[in-house]
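>>> heads up, no residue letters with this:
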């Protein structure tokens, strides 16, 4: 059983980004290898003067086969994020949006105040809002209350690959939530994704961890299995930690 | 007529519709959205919608992003 967004069930709990790949072909291959059903795209200006035969990203990722999740990357105010969301809805004919309002170009951390303002407005406009946010427990709660479709707290800052910095907060966010919690940003390698899933996240969204690895296709496969392994482990419920060693074999019938 | 398209200045001596501008600049009509002065112009209007002097036009598409 997968997770639910906007009345649709996603069986793959891995969402990947489409940025930073060598070319569209590699994006396509990584997507296939990852088994992800949802892929993020950015909404930006087109190149003017390009050849009409030059293909675009959407020629490589068929919206009939994958759910395209447009983001509001590059927005630093609620006003801009709402504007980009409207453009995305027109382009893709879909009300799903990954809301991302950043505070500044150096930290790339979310601007909490503007994120909340934009989220409220977008929910009011009928968008299904998957919101990128900090690991602020109270803000996550508020974003759920106003009607967001999923809360997507960062593991660590975008593109850093540092894994989950504040596990305590992520645990609290998961515990409080009734909607999907998706770790977004900061995943560096497969074990980071597994840890997120073992903690009970509903899904993981990552981009650089695959695209910036030496072998993106192989890393896409690794992420696929990492997310599955983490989810299984979460559902299986891990053994209790023990401070003392306990033998694996029965003491009965020992030779001495 | 001076227009600003994706932040770049363009000059045209004659009137241009959105469709004519796209054709002239080899921009495919697929997978784009056109916004003029912060208002989205739906595709069905492109053939008739004439650009005006000092219009700020944005031609938007999906690109790689996370």
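Structure received. Predicted model, so just to flag it, every value in this text is computed and none were measured.
>>> from here on, just use CA atoms for contacts and neighbour counts.
Noted.
>>> interface residues of chain A facing chain B?
A:16-20, A:40-46, A:48-53, A:56-58, A:70-71, A:73, A:83, A:87, A:90-91, A:206-208 (C-alpha under 8 Å from any C-alpha of the partner chain).
>>> quick one: buried ones out of these?
Buried members of those, counted by 16 or more other C-alpha atoms under 10 Å in any protein chain shown: A:16-20, A:40-46, A:56-58, A:70-71, A:73, A:83, A:87, A:90-91, A:206-208.
>>> can you list contacts of the longest strand seen in chain B?
Criterion DSSP state E: the longest strand present in chain B is strand B:56-64. Applying C-alpha atoms under 8 Å, 6 or more residues apart in numbering or on different chains, the contact partners of strand B:56-64 are A:17-20, A:40-46, A:56-58, A:70, A:87, A:91, B:3-7, B:31-38.
>>> next one: stretch A:144-153
Outside stretch A:144-153, the residues that reach it (C-alpha under 8 Å, 6+ apart) are A:5-6, A:119-120, A:123, A:128-135, A:140, A:143, A:170, A:177, A:179-184.
>>> one more time with 6 Å
If you take C-alpha atoms under 6 Å, 6 or more residues apart in numbering or on different chains as the criterion, stretch A:144-153 is touched by A:128-135, A:179-184.
>>> which two among the residues you listed are spaced furthest apart?
Within the contacts of stretch A:144-153, two members stand farthest from each other by C-alpha to C-alpha: A:128 and A:135, at 20.7 Å.
>>> these two: who's more crowded?
residue A:135 (26 against 22; other C-alpha atoms under 10 Å in any protein chain shown).
>>> the more buried one and residue A:168, how far apart?
9 Å (C-alpha to C-alpha, to the nearest Å).
>>> for the helix or strand containing residue A:144, list every residue counted as buried.
In the assignment (DSSP states H and E), residue A:144 maps to helix A:137-145. Neighbour counts over helix A:137-145 (16+ other C-alpha under 10 Å) mark A:137, A:139, A:140, A:141, A:143, A:144 as buried.
>>> same check, this time on stretch A:74-86
Buried, per 16+ other C-alpha under 10 Å, within stretch A:74-86: A:74, A:75, A:76, A:77, A:78, A:80, A:81, A:82, A:83, A:84, A:85, A:86.
>>> so of the contacts of stretch A:144-153, which ones are in strands?
A:128, A:129, A:130, A:131, A:132, A:133, A:182, A:183, A:184.
>>> got the end-to-end distance for stretch A:134-152?
8 Å.
>>> what is the distance between that stretch and the centre of its chain?
Computed by C-alpha atoms, centre = their mean, to the nearest Å, the chain-centroid distance of stretch A:134-152 equals 14 Å.
>>> surely residue A:15 touches residue A:203?
No - Residue A:15 lies out of contact with residue A:203 (C-alpha atoms under 6 Å); the separation is 7.2 Å.
>>> quick revisit: tell me the angle of the helix holding residue A:144 relative to strand A:128-133?
Put simply, helix A:137-145 runs at 170 degrees to strand A:128-133, going by axes from the mean of the first three to the mean of the last three C-alpha atoms, to 10 degrees.
>>> can you name the next helix or strand after helix A:137-145?
strand A:150-153.
>>> what's the mean pLDDT across that following strand?
Summarised as a single mean, pLDDT over strand A:150-153 is 98.
>>> after it, next one along is what?
Counting by DSSP H and E, the element after strand A:150-153 in chain order, helix or strand, is helix A:167-176.
>>> in that next one, what's buried?
A:169, A:170, A:171, A:173, A:174.
>>> how close does the closest residue to the fourth one other than its chain neighbours sit to chain B?
With sequence-adjacent residues excluded and distances taken as C-alpha to C-alpha, 6 or more residues apart in numbering or on different chains, residue A:173 is closest to residue A:137, at 5.4 Å. Distance, residue A:137 to chain B, by C-alpha to the nearest C-alpha, to the nearest Å: 23 Å.
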